[in-house]
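> Here is a sequence with its predicted model. Questions after.
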Amino acid sequence: MTTQSNVDEVTLSIWDQVQYTADLCVKCNICTSFCTVANVTDLFPGPKFVGPQAQRFRNPHEISVDSSVDYCSGCGVCTLVCPHGVKVMEMNAKARYKLYKEKKWLPIRNRMMGRTDLVGALGSAFAPIANAVLSNGPIRQVVETVFDVHRHAAFPPFSFETFQGWCKKVHKKSKLVSDKRVVFFHGCSINYYEPYLGKAAIAVLEHNGYEVIVPEDQVCCGLPLLSNGEFDAARDKAHTNIDSLVKYAHQGYRIVGTSASCTLSLKSDYKHILDIDTADSELVARQTYDISEFLLELAEAGTLKTDFNPIEATFPYHSPCQLKTHNIGFPAIELMEMIPGVTIKHMQADCCGQAGTYGYKKEKYQIAMDVGKPLFDQILETGSKVAICDSETCRWHIGKATGAKMIHPVELLAQAYGLLNYGKTTKS
């Protein structure tokens, strides 16, 4: 017998699938009016056109109807602003994958950018040489000519010391042991470029009484592969991470990360873009938190330590697209303004333009700069030498464009706690 509740469950299951949400589109054009890319270039006609409108002409046996979908940056603003729940960005990501699949080839550049674990491991092992190459103008020009990676794109320096290496040598021997435990998903950026940020995160979590578990078998979240059209390889990464984290999720441990894009992959992209919908993936998604989201929850429960030292300063803060897509508000702002003397000026810009690997590509670099210009201007107008952002590639892009020193919210918390020995010293 079919009950109303059974019908509701079936209906919800159908509308949870990305392709079917196209039928919810009423062509209101809200997504297009908010699209950061369509507003600066004619190369992209807008998310409605290449998303729900084009979706009606796609089926597994036909080629993609519009190659301009490759110019979608994947920022997710369209999905965020849609009043009818159309998963526009997710739809476009799947269409881009189909586009590359039909071409039966993928640029070497895309393959290289998707393999952050491999590039990071090689770069870190030869950090002094790799960093010298990345900072050499003539070599960058050659790289642009051969690989179509823009010569002015903001590449961070590799760290000779990886975060996992530090965990094995230092943290494993000196970590806090507690009955309160949290799992840390560090991502590629912390492991190969910003180990000091991982150390700051651990210091803040331990200061609040948490033993921090850092799984050694975690890998890249898979988003760079997904964004560059390699869904099968991205699924391999996703399944590895789910297998790595689910045993902790079963024990009730929260999984936290400092990268808004990594944690969004665990929470949402595995299901809605890569079509991984298992009990294990659902459990990992439910237990995953952005680190500011987790710390604010402690504050609201009255268990966050507030022994902050005053910092008399006003900081510009950019909330990246990926963070907004979490639908958790702006927890970092509330946390940072608990520090005596701190004022946060929230920048009113939808996107910095970088969108992961998007801004590195020769044909998209100027689009990324044009999208980010309102944000860059706002930061420069503040006159602050330090700006704050939750996403790594956004920080690198904004820092290059403005000259500001970019930090993560947890670094400001570490400073206010007086945790000055968390290790922000990387030689490379």
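Nice, I can see it. No experiment lies behind these values; they were computed from the predicted model shown.

> okay, CA-based contacts and neighbour counts for the rest of this
Noted.

> how is this protein carved up into domains?
Using automatic domain parsing, the domain parsing of the chain gives 4-103, 305-417.

> For the stretch 151-300 of the chain, which segments count as helices?
Secondary structure of the stretch 151-300 of the chain (DSSP state H, counting those that start in this stretch): helices at 163-166, 172-174, 187-192, 195-207, 223-227, 231-250, 260-264, 270-272, 279-287, 291-300.

> Could you list the buried residues of the second one?
Neighbour-count burial for helix 172-174, with 16 or more other Cα atoms under 10 Å as criterion, is recorded at no position.

> and it, how far out from the chain's middle?
29 Å (Cα atoms, centre = their mean, to the nearest Å).

> Repeat that for the first one.
Taking Cα atoms, centre = their mean, the mean C-alpha location of helix 163-166 is offset from the chain mean by 21 Å.

> Show me what that helix is packed against.
Using 3 or more Cα pairs under 8 Å, 6 or more residues apart in numbering; DSSP states H and E, the elements in contact with helix 163-166 are helix 187-192, helix 195-207.

> Among those helices, which comes closest to Val170?
Of all those, it is helix 195-207 that lies closest to Val170, at 10.5 Å by Cα to Cα.

> where exactly do the strands run in this structure?
181-184, 211-213, 254-257, 288-290, 313-318, 342-346, 386-389, 405-407 (DSSP state E).

> Can I get these in CSV including mean pLDDT and distance to Lys168?
As requested, the strands of the chain are exported to CSV (pLDDT from 0 to 100; distance: least, Cα to Cα, whole Å):
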stretch, mean pLDDT, distance to Lys168
strand 181-184, 98, 14
strand 211-213, 98, 12
strand 254-257, 98, 19
strand 288-290, 98, 24
strand 313-318, 97, 33
strand 342-346, 97, 35
strand 386-389, 98, 28
strand 405-407, 97, 25
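
> can you list the ones you listed in a markdown table and add mean neighbour count and distance to Asn131?
Below are those laid out as a markdown table (neighbours: other Cα atoms under 10 Å; distance: least, Cα to Cα, whole Å):
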| stretch | mean neighbour count | distance to Asn131 |
| --- | --- | --- |
| strand 181-184 | 22 | 27 |
| strand 211-213 | 21 | 31 |
| strand 254-257 | 24 | 26 |
| strand 288-290 | 25 | 30 |
| strand 313-318 | 20 | 27 |
| strand 342-346 | 17 | 33 |
| strand 386-389 | 24 | 23 |
| strand 405-407 | 19 | 19 |
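
> Find the nearest non-adjacent residue to the spatially most central residue of the chain, please.
When Cα atoms, centre = their mean is applied to the chain, the residue found nearest the centroid is Ser261 (1.7 Å). Take Ser261 and drop its neighbours on the chain: the residue closest to it by Cα to Cα, 6 or more residues apart in numbering is Gln322, 5.4 Å away.

> So the one you found versus Asp290, what's the distance?
For Gln322, the distance to Asp290 equals 11 Å [Cα to Cα, to the nearest Å].

> what does Gly165 give?
Applying Cα to Cα, the value for Gly165 to Asp290 is 23 Å.

> and what of Val219?
Taking Cα to Cα, one finds Val219 at 17 Å from Asp290.

> Let me know the pLDDT of Ser64.
For Ser64, the model assigns a pLDDT of 46.

> What of Leu99?
pLDDT at Leu99 comes out at 82.

> for Ile386, what are its contacts?
Quick fix: residue 386 is Val, not Ile. 315-316, 404-407 (Cα atoms under 8 Å, 6 or more residues apart in numbering).

> Spatially nearest residue to it, not counting backbone neighbours?
Using Cα to Cα, 6+ apart, the nearest residue to Val386 is Lys405, at 4.7 Å.

> starting at the chain centroid, how far to stretch 164-176?
On the basis of Cα atoms, centre = their mean, stretch 164-176 sits 25 Å off its chain's mean C-alpha point.

> Can you tell me what sits against it?
191, 206, 209-212, 214, 216.

> which of those are buried?
Buried members of the contacts of stretch 164-176, counted by 16+ other Cα under 10 Å: 191, 206, 209-212, 214.

> if we can go back for a sec, mind giving me a markdown table with the contacts of stretch 164-176 and columns for distance to Glu282?
What follows is the contacts of stretch 164-176, written out as a markdown table (distance: Cα to Cα, whole Å):
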| residue | distance to Glu282 |
| --- | --- |
| Asn191 | 26 |
| Glu206 | 27 |
| Gly209 | 28 |
| Tyr210 | 24 |
| Glu211 | 24 |
| Val212 | 22 |
| Val214 | 21 |
| Glu216 | 22 |
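
> how about those residues, which pair is most distant?
Farthest-apart pair in the contacts of stretch 164-176 is Asn191 and Gly209; separation 23.6 Å (Cα to Cα).

> burial measure for the nearest residue to Tyr417 once chain neighbours are set aside, as a count.
Using Cα to Cα, 6+ apart and skipping the chain neighbours, the partner closest in space to Tyr417 is Phe308 (4.9 Å). Neighbourhood size, Phe308 [other Cα atoms under 10 Å]: 15.

> okay, and the helix or strand of this protein with the least pLDDT?
Across the helices and strands of the chain, mean confidence by mean pLDDT, DSSP states H and E is lowest for helix 4-15: a mean of 40.

> Looking at the helices and strands packed on helix 163-166, which is nearest to Trp396?
That would be helix 187-192 among the helices and strands packed on helix 163-166, by Cα to Cα, at 10.8 Å.

> Off-centre distance for that closest one?
Put simply, helix 187-192 sits 12 Å off its chain's centre (Cα atoms, centre = their mean).

> ok, back up a step: now the domains of the chain as a markdown table including distance to Ala200?
Converted to a markdown table, the domains of the chain look like this (distance: least, Cα to Cα, whole Å):
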| stretch | distance to Ala200 |
| --- | --- |
| domain 4-103 | 27 |
| domain 305-417 | 6 |
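
> Dump the buried ones among the contacts of stretch 164-176 into a markdown table; add distance to Ala121 as well.
Shown next, in a markdown table, are the buried ones among the contacts of stretch 164-176 (distance: Cα to Cα, whole Å):
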| residue | distance to Ala121 |
| --- | --- |
| Asn191 | 9 |
| Glu206 | 28 |
| Gly209 | 32 |
| Tyr210 | 29 |
| Glu211 | 27 |
| Val212 | 24 |
| Val214 | 18 |
